[in-house]
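>>> Give me a model of this one.
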Amino acid sequence: MAYAECGSLFEFLHGSEQREYTMAMAIDWMIQCIQGINHMHSMEPILIHRDLKTANLLLTKNYRNLKIGDFGNATDLGTMMTDMSGTAGYIAPKVLLGNTYTEKCDIYSFGIVLWEVMARRKPFHHLSDPNTIAKMYLPTKDERPILFDIIPNCEKFRFVIENCWDQEPKNRPTVKEIQLTDIPCLNIIMRP
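The predicted structure is shown next:
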């Protein structure tokens with residue numbers, strides 16, 4: 001495995017050395033993430049990561065390149081999946097309820113990651129006690145992180161995020177349907 005000299009996206013966003021980044025840089029990371037998910041979902045059989053989160057997105061080349069890491073929970077679609085794999089705050093509701101699930105659980109997690117990068121906040125940060133149990137219970141009741149934390153005037157992000165984290169997996173887009181181009185707010189600086 002290649003060494004990711006710049007650490008994880010989680011460290012970049014929330015670590016002690018929080019750096020500024022542009023909206024254009026954030027979109028580029030998310031496009032690279034989509035490309036990685038597309039590669040996994042295009043395999044035969046389909047590979048499902050099951051633990052997409054900013055801590056598993058690794059940065060290289062002066063924070064410009066993003067790679068998906070930690071395939072410890074990954075499995076192919078042909079496997080009967082009813083176990084709860086993943087990290088609280090990023091796990092799709094069907095996974096939390098112990099139902100059989102598909103690659104759409106990665107799409108849900110991507111929606112949370114996209115929200116986190118655009119809001120620069122941890123999932124469910126608004127809770128007075130954002131513990132693991134709360135972060136696992138709320139998505140099953142159709143609760144999500146607060147969309148208004150996203151930068152104003154970027155409605156396209158809200159639309160993509162809401163579609164990705166839809167309660168019903170069949171309503172979520174495929175990775176090929178997710179579009180992050182033509183965003184009017186590319187010059188915005190994202191500050192800690």
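
>>> can you give me the mean pLDDT across stretch 129-142?
Throughout stretch 129-142, pLDDT has a mean value of 85.

>>> actually stretch 64-80, sorry about that
Rounded mean pLDDT across stretch 64-80 is 73.

>>> now the helices for the chain?
Taking DSSP state H, the helices of the chain run over residues 9-14, 23-41, 93-96, 104-119, 132-137, 155-164.

>>> Contacts for stretch 125-145, please.
If you take CB atoms under 8 Å, 6 or more residues apart in numbering as the criterion, stretch 125-145 is touched by 88-89, 91-93, 96-97, 112, 115-116, 119, 121-124, 146, 165, 167. Any C-beta I mention is one placed from the backbone N, CA and C, and that applies to glycine too.

>>> just stretch 115-123 next, same as before
The contact list for stretch 115-123 (CB under 8 Å, 6+ apart) reads 9, 13-14, 26, 29-30, 54, 89-90, 112, 130, 135, 144-147, 149-151, 154, 157, 161, 165, 190-192.

>>> Buried ones from those residues, can you make that a PyMOL selection?
Of the contacts of stretch 115-123, the buried ones can be selected in PyMOL as follows, counting by 16 or more other CB atoms under 10 Å:
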select buried, resi 9+13+14+26+29+30+54+89+90+112+135+144+145+150+154+157+161+165+190
